[in-house]
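> predicted model and sequence below, questions to follow.
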Amino acid sequence: MPESEYEKAMRPEDITRLFVERSNAGDAAGVAALYEENAVLAYPPGQETVGREAIRELWAKVLANRPHFEPEQPLPTLVSGDIALTSTPPKDGTGARAQVVRRQPDGSWLRLLDQPEFAPPAS
């Protein structure tokens, strides 16, 4: 589906819902469309995936295993102008998830930075 045909996140919190819907549908391109062109994703653990196309390729591999994602209740969003910090307490007990999102010229929001897992520091 062309990127322009995907539902846009008109509130920062919409991105989490759209991520779950598109992941569960196996739509790697749809997941990648939630990220800015030069976004940085801290995944796989200990690595970074940079850029929408690389994020799409990564999610194509992840979604090939048909994982199921459960919606997570968002914590309060912090907004400063066109930048927002979204976060959720993961149901899988990985500590926290946090994303920096940016308002786009059309008023929609896209992820700029995504930290899906905060693991306790190794001692």
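Great, that's in hand. Numbers count the residues shown, from 1 in each chain.
> please report the distance of residue 25 from residue 97.
Between residue 25 and residue 97 the computed distance is 20 Å (Cβ to Cβ, to the nearest Å). Where C-beta positions appear, they are placed from N, C-alpha and C, glycine not excepted.
> same drill for those two, tell me which one is more crowded.
Relative neighbour count places residue 97 above the other of residue 25 and residue 97, with 20 against 11, counting by other Cβ atoms under 10 Å.
> wait, the more buried one sits on residue 72?
Yes - when contacts are counted by Cβ atoms under 8 Å, residue 97 is listed as touching residue 72 (7.4 Å).
> what do the two both touch?
Contact criterion Cβ atoms under 8 Å, 6 or more residues apart in numbering; residues bridging residue 97 and residue 72 by contacting each: 88, 89, 90.
> out of these, which are inside strands?
Secondary structure assignment by DSSP state E places residue 88 of those in strands.
> of the shared contacts of residue 97 and residue 72, buried ones?
Applying a neighbour-count criterion of 16 or more other Cβ atoms under 10 Å, the buried members of these are residue 88.
> with pLDDT added, can I get the shared contacts of residue 97 and residue 72 in JSON lines?
Rendered in JSON lines, the data for these read as follows (pLDDT from 0 to 100):
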{"residue": "88", "pLDDT": "88"}
{"residue": "89", "pLDDT": "83"}
{"residue": "90", "pLDDT": "75"}
